[in-house]
Every structure is written in structure tokens, then in C-alpha cells.
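Participant: Mind folding the following:
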Amino acid sequence: MPINLRASVVSVRDDQPRSSDVFLLDTNVLYWTCYEKALSLASQQEQDSRKASLYSAYVNRALSVGATLTKCIVSLAELAHVIERDEWEIFRCSEPEIKLKDYRHQLDKRREVVEQFQMAWLLAEGITDQRSLPVVTDAHGLRETLQLAAIDSYDVFIYHAARSAQIRQILTDDADYGELPDVQIFTANSKLIDLARKQGKLIRR
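Facilitator: I've put the predicted structure just below:
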């Protein structure tokens, strides 16, 4: 099913951040910039490495000009979930039969997962303004957004947190965010950039 593009899109491949920018960093950007093992899995492709470099470089440029970077508390849960999944996949290289729940209950492995997550979150605190936008509890609004856009439940909370904080700029690799209205998506996602170009929604600043 094609993306129903409602957002405007800015390519981080070309854009120069401004001091007036206020970006909400999506979980995938935090993952690539803050989790040290993000590209250590054999399943990670060369394309992911290039994307990680692009987002890290953009974050550094944004910081260098004094732009504001922030995050959502929901990303804490999502980042923990992704890091646990990756740590489990790495461990399965030596014990391929182990189930996730069995891995989770191995105390030494659990400590390693928590340590990796804590290090990632500390790095996230270091590159953002240390705000963690709160969860929005308007269930009606959340349901409406889920009906409007084909996004997952983490994303809908992150989007509403951004709206509540009056933040319109979202730095993400997730093309699904393009279905959300009233936001500017800053991305290196080629599919989303190409679609925005075709529809006249690619912004050059």
C-alpha cells in the first residue's frame, strides 16, 4: 500500500540545520547515534551503515549551529525493546535455539542488556536538551491518528507528544511519518524523498 503523503519533507542529505530549528529525534535516529552495537549484526546492510552516518552527521551539524534536539519518553520503551532484540540476536549466534523470554531471564545477559540501554540513553541525554516529551493520554486523538495514518503505536504517541509541545520538525528514517499532517519530516529515506519530490512536497531551505 503506497504512502499517503501529507507531511512536507526535507532531505538531510542536502539540508543545513539552523539555530532556530527544534527537532524531535525519532527512535531510529537515537538507535543509530546512541547504541554502540547498532551496526554490529550480520543482518545489517551496507545501506544501514550509510544511513547511520548521514543521521549522525546531521545531528552533529544541528548541534554545531545551536539547534534544539529533543526526544519523547516513548522512545525510552521503544529503544529498550530494539536493544534487547539486537542483544538477543547477537547472543543467538552462539546459542541459536534460545527463545527471547529465556534469554531475558538469564541474569547476566539481562544486566548486559540494561547496561547497553543505559549507555544509549545517557548518550541520548547528551545530544538532546534533556527534555523527554511526555506521553499524551488523549485516547480519542490517538485513535483518530491511527485511523488517519498507517503508523505503529509507538509512532502515534511520539507524534502526539510532538504536537503537544508544538514541535513540527521530526528527524526520522521512518517513511510512515510522511502520512502525518502538519509536520516537516527531515529524513535520508530515499523512498520518502522521491515521493515528496514527485508530489511537490520536498522542501529545500
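Participant: Mind naming the longest helix for the chain?
Facilitator: Criterion DSSP state H: the longest helix present in the chain is helix 107-127.
Participant: quick one: contacts of that helix?
Facilitator: Contact with helix 107-127 is made by 25, 30-31, 33-37, 59, 63, 69, 71, 75-76, 79-80, 83-84, 87, 91, 103-104, as judged by C-beta atoms under 8 Å, 6 or more residues apart in numbering. All C-beta spots, glycine's among them, are computed from the backbone N, C-alpha and C.
Participant: Give me the below-cutoff pLDDT ranges for this protein.
Facilitator: Scanning the chain for pLDDT under 70 picks out the ranges 1, 40-47.
Participant: Could you pull out the helices in it for me?
Facilitator: 27-34, 46-64, 74-91, 100-104, 107-127, 139-148, 153-164, 190-198.
Participant: Using a markdown table, lay out those helices together with distance to residue 21 and mean neighbour count.
Facilitator: Shown next, in a markdown table, are the helices of the chain (distance: least, C-beta to C-beta, whole Å; neighbours: other C-beta atoms under 10 Å):
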| stretch | distance to residue 21 | mean neighbour count |
| --- | --- | --- |
| helix 27-34 | 14 | 24 |
| helix 46-64 | 6 | 16 |
| helix 74-91 | 19 | 19 |
| helix 100-104 | 38 | 13 |
| helix 107-127 | 14 | 15 |
| helix 139-148 | 24 | 13 |
| helix 153-164 | 13 | 21 |
| helix 190-198 | 18 | 16 |
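Participant: Residue 132: how many residues sit nearby?
Facilitator: Around residue 132 sit 18 other residues, with neighbours defined as other C-beta atoms under 10 Å.
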